[in-house]
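**Q** Pasting the sequence and the predicted model now:
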Amino acid sequence: QVQLVESGGGLVQAGGSLRLSCVVSGPRLHTVSRVGWYRQAPGKERELVASSASNIGTNYADSVKGRFTLSRDDGKNTLYLQMNSLKPEDTASYYCACRPYPWSRDYWGQGTQVTISS
């Protein structure tokens, strides 16, 4: 059974930083096909923020390149998203997603809210 639990969201001022965490239960992170962070702002579609795929490497949305960093701690089986130089347009619910195998579905966490004040 695959479970993902996000944490680390909150309210910060523009220019600030946050680190999101996603604890994964089930598959070991270093073995999964794909893992990443997505976000959804009110009235908008869910979009990719950053992802890591076993055959592609790490990919970032253009809007966050140079500001956000995806990383993981294999010992804790936890995925992180370090977010620096935050902007009001980064305000959204952030979701962690994992695809254990290329043929499997995506599993999602419950989301964590990030709010950036100007």
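**A** In hand now; what should we look at? Bear in mind that the values here come from a model prediction, so they are computed numbers and not experimental data.

**Q** What separation is there between residue 11 and residue 52?
**A** According to Cβ to Cβ, to the nearest Å, residue 11 and residue 52 sit 28 Å apart. C-beta here means a position set from N, CA and C on the backbone, and glycine is covered the same way.

**Q** do residue 114 as well
**A** Counting by Cβ to Cβ, the gap from residue 114 to residue 52 is 20 Å.

**Q** out of those two, which sits in the busier spot?
**A** Neighbours were counted for residue 114 and for residue 52 using other Cβ atoms under 10 Å; residue 114 has more, 22 against 19.

**Q** Which elements pack onto the helix or strand containing residue 5?
**A** Secondary structure from DSSP states H and E places residue 5 in strand 3-7. Applying 3 or more Cβ pairs under 8 Å, 6 or more residues apart in numbering; DSSP states H and E, we find strand 3-7 packed against strand 18-25, strand 92-99, strand 107-108.

**Q** List the contacts of the helix or strand just after it.
**A** Going down the chain from strand 3-7, the next helix or strand is strand 10-13, by DSSP H and E. By Cβ atoms under 8 Å, 6 or more residues apart in numbering, the residues outside strand 10-13 that reach it are 18, 86, 113, 114, 115, 116, 117, 118.
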